[in-house]
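[1] with the input below, show me the fold.
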Amino acid sequence: MSDVLNTTAADEEKRPVVKLRGLKRSFKQGDTVIEVLRGADLDIRPGEIVALLGPSGTGKSTMLQAVGLLEGGFEGSIQIAGREASTMPTDERTSLRREHLGFVYQFHHLLPDFNARENVVMPQMIAGVDREIAEARSEELLTALGLGHRMDHRPSQLSGGEQQR
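    Predicted structure coming up:
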C-alpha cells in the first residue's frame with residue numbers, strides 16, 4: 001500500500017511545510033564572488049515559530065527570499081507544502097506562494113481608504129475566493145488576532161501593532 005494512503009494526521013503535523021536542502025546563493029561584486037548561503041538546510045513544521053538570527057550580511061534576508069519564492073538564482077531544493085518549488089515556472093511559484101505562504105512585513109502595507117476587514121478581504125478576492133467566504137474568513141482571522149472589535153476601523157485608527165497583525 002502507498003505511503004500516501006497510510007498518512008495520518010500526526011504524520012502530517014511532523015512533515016515540514018518548508019524544507020530547504022543544500023541551498024546555495026552567491027552574488028558577484030566586481031571580480032569577487034560572495035557566497036551568502038553555502039548549502040543551508042532548514043525544516044519548518046506546522047505551528048513552529050522560527051527566528052533567523054545572525055550578524056548583518058550572513059544571508060538571513062536571502063534565505064527569506066528563497067522561502068518566500070520571491071526570487072530565483074538559488075542552487076539546491078526548496079520545497080513548500082511538499083512541492084518542489086525551485087524548478088517551478090513563475091506562475092506556479094506565485095500560486096504556491098499565494099496559497100501557502102504569508103508575510104509580515106516590517107512596514108505594514110494597508111490601504112488607507114479601507115477598513116481592517118476590507119484590507120483582509122481584498123487579497124482573498126483577488127485570489128479568487130468568493131466574497132462571502134472571504135468576509136467570513138476575514139472576521140475569523142481578525143477575531144483570532146484580537147481585532148474583532150476593530151474590524152471597521154481604518155488603518156489610521158489602529159495602533160502600529162494592530163496594523164501589523
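
[2] could you measure residue 127 against residue 147, distance?
    Per CB to CB, to the nearest Å, residue 127 is found 21 Å from residue 147. All C-beta atoms are positioned from the backbone trio N, CA, C, and that covers glycine.

[3] more neighbours, the two?
    residue 147 (19 against 11; other CB atoms under 10 Å).

[4] quick check, that one in contact with residue 162.
    Yes. Here residue 147 reaches residue 162: they are 6.1 Å apart, a contact under CB atoms under 8 Å.

[5] what do the two both touch?
    Common contacts of residue 147 and residue 162 (CB atoms under 8 Å, 6 or more residues apart in numbering): residue 116.

[6] buried stuff in the helix or strand where residue 21 lies?
    Residue 21 is located in strand 18-29, with elements delineated by DSSP states H and E. For strand 18-29, burial by neighbour count (16 or more other CB atoms under 10 Å) applies to 18, 19, 20, 23, 25.

[7] from those, which is closest to residue 41?
    Taking CB to CB as the measure, residue 41 lies nearest residue 20 of the buried residues of strand 18-29, at 6.0 Å.

[8] look up how far residue 64 lies from the closest residue in space to that closest one that isn't next to it in sequence.
    Using CB to CB, 6 or more residues apart in numbering and skipping residues adjacent in sequence, the residue nearest residue 20 is residue 42, 4.3 Å away. Here the criterion is CB to CB. By it, residue 42 lies 11 Å from residue 64.
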